[in-house]
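Colleague: Attaching a predicted model along with its sequence, questions to come.
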Amino acid sequence: MKKSDFGFNTKVIHGGQTPDKAYGAVMPPIYQTSTYAQSSPGKHKGFEYSRSANPTRSALENSLASIENGAYGLAFASGLAAIDAVLKLLEPGDEVIATNDLYGGSYRLFERLYKKAGIKFHYTDMRDAGSVSALVTTATKLIWIETPTNPLLNIIDIQAVADLVRGKSILVAVDNTFASPFLQLPLNLGADIVMHSATKYLGGHSDVVAGGLVVNDDALAGKLYFIQNASGAILGPSDSYLVLRGIKTLHVRMQRHCENAARVAGFLKGHPAVDVVYWPGFEEHPNHEIAKRQMTDFGGMVSFNVSGDNYEQAIAIVEKLKVFTLAESLGGVESLAGHPASMTHASIPKEVRLESGIKDSLIRLSVGIEDSRDLIFDLEQALG
């Protein structure tokens, strides 16, 4: 049986991995070295300088490729460094179509750095995949998808978008951070590039900052490897080890994240202090049926608006939480709460946030793997 034929639960532990050749270590060692001895100029054992390649990082990159059903994985110093590498594939005059409900850091990178480099960005509500068609021109080179989106958990039909631009030399990239490969495999649905902020669910323990890309195409992989090496935003060996260790429990963690999020979302839905709850598992959630089709479960993220669209009340609620930690980021074993308007999405102008549906009263929860009863009690006391 080939490792590529393994089920997901087996892939996260064994996919792309072999025991260490030196001593048979089951877990890849941390190769904390910058350079490697050569027997003759240009003759080495596969590694010459750790910016270009490092055995620990290579083990992680092989794992990333395996769990995303891809051929090539690349590990970066952050999720934004991974996105930056994708954007470096573009040239001045190229155009990008992106979802309008977008992580604030992605928007900042697009608008503050690459826009002035001559790249044009179009933002649209991709819940209707047809909205992409009207924006496609001969200059379009990249479609940037988040699904579920950050923070409104909008669901985008990856296969429908990929089908719209098939054969047009337009890359389709999917930020798969919120779903993780446990829930969703974009390459299987027609995407060309999968991106992860590995800081989140892949690492899973809020102890590392990392990013990853996975692709299937040989030529595309070659271009991205060149950018990775030339730009140098690589992931170090210690951080590579932490992400690789996190991946080995991804499946069991995601199961609990999903179970707890379902219970938390159900509680919030019936609370008088809550207006709208955003969670793809609700039948009334936009594109719920697409989520059922392209995901294996509905994830560990839940967002909600406080009744009355009250900014001050939203701030007061997150400050009262005791089990949920008020903090940036998501995807760790501990539950986190955030206020997008003043935290993760503060870099997006308010009028743009409101146009996308991100109100000042919105609270985003990363539901951890604690006892769900304790999480609900915590929300109840804060909302009360």
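Modeller: Done, it's in.

Colleague: Strands of the stretch 201-350 of the chain, start to end?
Modeller: For the stretch 201-350 of the chain, applying DSSP state E, counting those that start in this stretch gives strands covering 211-215, 274-278, 301-306, 325-326, 336-338.

Colleague: Okay, now the sheet partners of the third one, with direction.
Modeller: In this case it means strand 301-306. strand 274-278 (antiparallel), strand 362-366 (antiparallel) (DSSP bridges).

Colleague: quick check: mean pLDDT across that strand?
Modeller: What strand 301-306 shows for mean pLDDT is 97.

Colleague: Other residues contacting that strand?
Modeller: 148, 151-153, 178, 261, 264-265, 268, 273-279, 313-314, 317, 330, 340, 359, 361-367 (Cβ atoms under 8 Å, 6 or more residues apart in numbering). C-beta here means a position set from N, CA and C on the backbone, and glycine is covered the same way.

Colleague: buried ones in it?
Modeller: For strand 301-306, a neighbour-count test (16 or more other Cβ atoms under 10 Å) marks 301, 302, 303, 304, 305, 306 as buried.

Colleague: C-alpha coordinates for that strand, PDB please?
Modeller: What follows is strand 301-306, C-alpha atoms only, in PDB (Å, rounded to 0.1, in the frame of the first residue of the first chain):
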ATOM      1  CA  MET A 301     -15.000  29.000  14.000                       C
ATOM      2  CA  VAL A 302     -18.200  30.900  15.100                       C
ATOM      3  CA  SER A 303     -19.000  34.600  14.700                       C
ATOM      4  CA  PHE A 304     -21.900  36.600  16.000                       C
ATOM      5  CA  ASN A 305     -23.400  40.100  16.100                       C
ATOM      6  CA  VAL A 306     -24.400  41.600  19.400                       C
END
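
Colleague: so residue 173 makes contact with residue 193?
Modeller: Yes. Assessed by Cβ atoms under 8 Å, residue 173 is found in contact with residue 193 at 4.0 Å.

Colleague: Looking only at neighbour counts, state which of these two leads.
Modeller: The neighbour count for residue 173 versus residue 193, taken as other Cβ atoms under 10 Å, is higher for residue 193 (29 against 25).

Colleague: for this structure, longest helix please?
Modeller: helix 250-269 (DSSP state H).

Colleague: Would you mind putting the CA coordinates of that one into PDB?
Modeller: Written as PDB, here are the backbone C-alpha positions of helix 250-269 (Å, rounded to 0.1, in the frame of the first residue of the first chain):
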ATOM      1  CA  LEU A 250      -4.800  17.600  13.600                       C
ATOM      2  CA  HIS A 251      -7.500  15.000  13.000                       C
ATOM      3  CA  VAL A 252      -8.400  14.400  16.700                       C
ATOM      4  CA  ARG A 253      -8.200  18.200  17.500                       C
ATOM      5  CA  MET A 254     -10.400  19.100  14.500                       C
ATOM      6  CA  GLN A 255     -13.100  16.600  15.600                       C
ATOM      7  CA  ARG A 256     -13.400  18.300  19.000                       C
ATOM      8  CA  HIS A 257     -13.200  21.800  17.500                       C
ATOM      9  CA  CYS A 258     -16.100  21.000  15.300                       C
ATOM     10  CA  GLU A 259     -18.200  19.300  18.000                       C
ATOM     11  CA  ASN A 260     -17.700  22.200  20.400                       C
ATOM     12  CA  ALA A 261     -18.400  24.900  17.800                       C
ATOM     13  CA  ALA A 262     -21.700  23.200  16.900                       C
ATOM     14  CA  ARG A 263     -22.700  23.300  20.600                       C
ATOM     15  CA  VAL A 264     -21.500  26.900  21.000                       C
ATOM     16  CA  ALA A 265     -23.300  28.100  17.800                       C
ATOM     17  CA  GLY A 266     -26.500  26.400  19.000                       C
ATOM     18  CA  PHE A 267     -26.400  28.200  22.300                       C
ATOM     19  CA  LEU A 268     -25.700  31.600  20.800                       C
ATOM     20  CA  LYS A 269     -28.500  31.200  18.300                       C
END
